[in-house]
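**Q** Sharing a sequence plus its predicted fold:
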Amino acid sequence: MNKFKRLYFFFAAYIVFVLVLAFLIIENNKADLHLWLNSYHSPVTDLFFINYTVVGAWIPYLGVIVLMFYKFRLALFVLVSQLLSALFAQIIKFMWNEPRPVIFFRENFPDVQLQRVLGEHFHTYHSFPSGHTTSAFAFFLALALATKHKPLHFVYLILAILVGYSRIYLSQHFALDVLVGSVIGVATTALCFYYIEKMKMGWADGSLRSFLYRKEG
């Protein structure tokens, strides 16, 4: 619980993000909000977001491997929170099966041409919620919980938000998909942290590094 209190600024800033995004969603129709959030494109931002969006894909699992050299418990925490949050997101995706922006605009606003980033393939269905956003918020909250340096907590939140925005920028998701994806990621990770921290696993407080050093000795 003390670690959650230490993340006061992370959660305070996250609540502001949720409230602002929720306000924009409520006050604007789906199409107009997407086109507004997606209105600014440049070669530099295209290159950045098409590469940065993978932080919400396989990067957290690479992080699990790296964290195994630091502490097994932390690596386990990240892995479990990733898998559970992804499971919840996928269940909702297949229950709702909402169309992605490319299909939504094609069916409702055929004259609107979405800006396409070179090399990015438009997905068509299972838009709600955003899996990349879920994964990113789960990953960066996990890192924040493992970090004592408070300014980094805010940096982690910004990095997570940028993944969410990348999904809108690339026209793979709507704002609501990003909002709900972030909530799933944060809620699942907080729940996983509460239980994994309480579990008594002696081996989990070791690391792959210490294990390898023991083997060499």
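**A** Structure received. Residues are numbered from 1 along each chain as shown.

**Q** where does this protein have its least confident helix or strand?
**A** helix 208-216 (a mean of 65; mean pLDDT, DSSP states H and E).

**Q** The residue nearest the centre of the chain: helix or strand, and which one exactly?
**A** Residue closest to the mean C-alpha point of the chain, counted by C-alpha atoms, centre = their mean, is A136 at 2.2 Å. Element membership of A136 [criterion: DSSP states H and E] is helix 131-145.

**Q** do the same with D111
**A** If you go by DSSP H and E, D111 is not part of any helix or strand.

**Q** now it: how far from R100?
**A** D111 sits 18 Å away from R100, going by C-beta to C-beta, to the nearest Å. C-betas here are computed from N, CA, C, even on glycine.

**Q** What of I65?
**A** Using C-beta to C-beta, we find I65 at a distance of 31 Å from R100.

**Q** Would you mind telling me which of those two has more residues around it?
**A** Between I65 and R100, R100 has the larger neighbour count (other C-beta atoms under 10 Å), namely 22 against 11.

**Q** Isn't the more buried one up against L114?
**A** No. Using C-beta atoms under 8 Å, R100 makes no contact with L114, being 10.0 Å away.

**Q** shared neighbours, these two?
**A** F122, S171 (C-beta atoms under 8 Å, 6 or more residues apart in numbering).

**Q** that older thread, so which helix or strand takes in the closest residue in space to the residue nearest to the centre of the chain that isn't next to it in sequence?
**A** The spatial neighbour of A136 that comes closest, neighbours along the chain excluded (C-beta to C-beta, 6 or more residues apart in numbering), is V163 at 3.6 Å. Per DSSP H and E, V163 falls inside helix 150-169.

**Q** now L114
**A** Using DSSP H and E, L114 falls within no helix or strand.

**Q** in this protein, which ranges drop under the pLDDT threshold?
**A** For the chain, the stretches flagged by pLDDT under 70 are 1-3, 202-204, 208, 211-217.

**Q** That'll do, ta.
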